[in-house]
Every structure is written in structure tokens, then in C-alpha cells.
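J.: pasting a predicted model and its sequence here:
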Amino acid sequence: MIAWKMALVAAGSALVLTACGGSSGTSSNSGCNQTGGSTSGTGTQVVKLNPDPNTVGRFDPSSVNVKVGETVEWDWMDSAAPHTVTADDGSFESCTQNAGFKFVVTFSKAGDIKYHCTIHAQMVGDVKVG
């Protein structure tokens, strides 16, 4: 009976660690599915997620211009708080990430794509694709 309980506790602990991403991952949002981007590659334009004592964080720059087929790379620099890069139209989602993470999106059609951090409402930006 004791061995069975120990096995149950071990299995439950393993499931919790897996759901939380373990201790080595940078993601802190296990219920999120990353979409529309990649964690590899190099962007035509780079946006840094920087700390900002007035707003908790900021996209720097908050607006970038790319041509159709080019990419934007978001680099998490803020070690004080996690952030997301989430398109208002749902076309891409980084999920919650911490400093050191990179997310790259290639834009295949023209438009003005607005995005935000789901954790910090004041963090907004846009990608102008021409």
C-alpha cells in the first residue's frame, strides 16, 4: 500500500512539473499554445522587451516597418517581469516568457498588425507591413 501511494505521488509530481514546463524552461504559462512564430531565426527588425519603471515594461521600439516576407524578432530583455507578444488579430502568440527568450514572426501579407502584452495592458506595439 505504501509503495502504491509513493508511486502515485511521484506520478503526480511528474505531471505537475511537465505541466509547468519543469524547472529549466523559460515559459511560465503552461496553458498557452505558441502560434504564428518561431524561437529561431533572425529578424529583419528587432524589438526588445525592456524594463520600464513607469509602466512595468515596454516594447522598444513600439512600432516597426517591414516588407512582405520579412521578419520581426522580439527579444526578452526584462529580467524583472515576464511578458507576452500577442497579436490583436490572433495571428501570433509567444505565450508568457522570461528574459533570454526570442520569438520571430515572418509577415506574409501587408497590413498594420497591432500587438500587446497580455500581462501588462499598457505594453502595446504594431508592425506595419508594406
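T.: Thanks, I have it. What you are looking at is a predicted structure, and each value in this text was computed from that prediction instead of being measured.
J.: CA only for contacts and neighbour counts going forward, please
T.: Will do.
J.: buried set for stretch 33-45?
T.: With burial defined by 16 or more other CA atoms under 10 Å, the residues of stretch 33-45 counted as buried are 36, 37, 43, 44, 45.
J.: now do stretch 63-82
T.: The neighbour-count check on stretch 63-82 (16+ other CA under 10 Å) flags 63-67, 70-78, 81-82 as buried.
J.: between all of those, which two are separated the most?
T.: Within the buried residues of stretch 63-82, two members stand farthest from each other by CA to CA: 67 and 81, at 31.2 Å.
J.: tell me which helix or strand residue 80 sits in.
T.: In the assignment (DSSP states H and E), residue 80 maps to no helix and no strand.
J.: and it, how close does it get to residue 41?
T.: 25 Å (CA to CA, to the nearest Å).
J.: counting neighbours, what do you get for residue 119?
T.: 14 (other CA atoms under 10 Å).
J.: can you give me the strands in the chain?
T.: Ranges of strands in the chain, per DSSP state E, are 45-50, 58-60, 63-66, 71-76, 86-87, 102-106, 111-116, 124-129.
J.: can you tell me which of the ones you listed is nearest to residue 95?
T.: Taking the strands of the chain one by one with CA to CA, strand 86-87 is closest: 7.6 Å.
J.: I'd like to know which elements the closest one is packed against.
T.: strand 111-116 (3 or more CA pairs under 8 Å, 6 or more residues apart in numbering; DSSP states H and E).
J.: angle of the strand it packs on against strand 124-129?
T.: Counting by axes from the mean of the first three to the mean of the last three CA atoms, to 10 degrees, strand 111-116 lies at 160 degrees to strand 124-129.
J.: buried stuff in strand 111-116?
T.: So for strand 111-116, counting by 16+ other CA under 10 Å, buried means 113, 114, 115, 116.
J.: what pairs with that strand, parallel or antiparallel?
T.: strand 86-87 (antiparallel), strand 124-129 (antiparallel) (DSSP bridges).
J.: using JSON lines, lay out those together with mean pLDDT and mean neighbour count.
T.: Output for those, formatted as JSON lines (pLDDT from 0 to 100; neighbours: other CA atoms under 10 Å):
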{"stretch": "strand 86-87", "mean pLDDT": "98", "mean neighbour count": "22"}
{"stretch": "strand 124-129", "mean pLDDT": "98", "mean neighbour count": "19"}
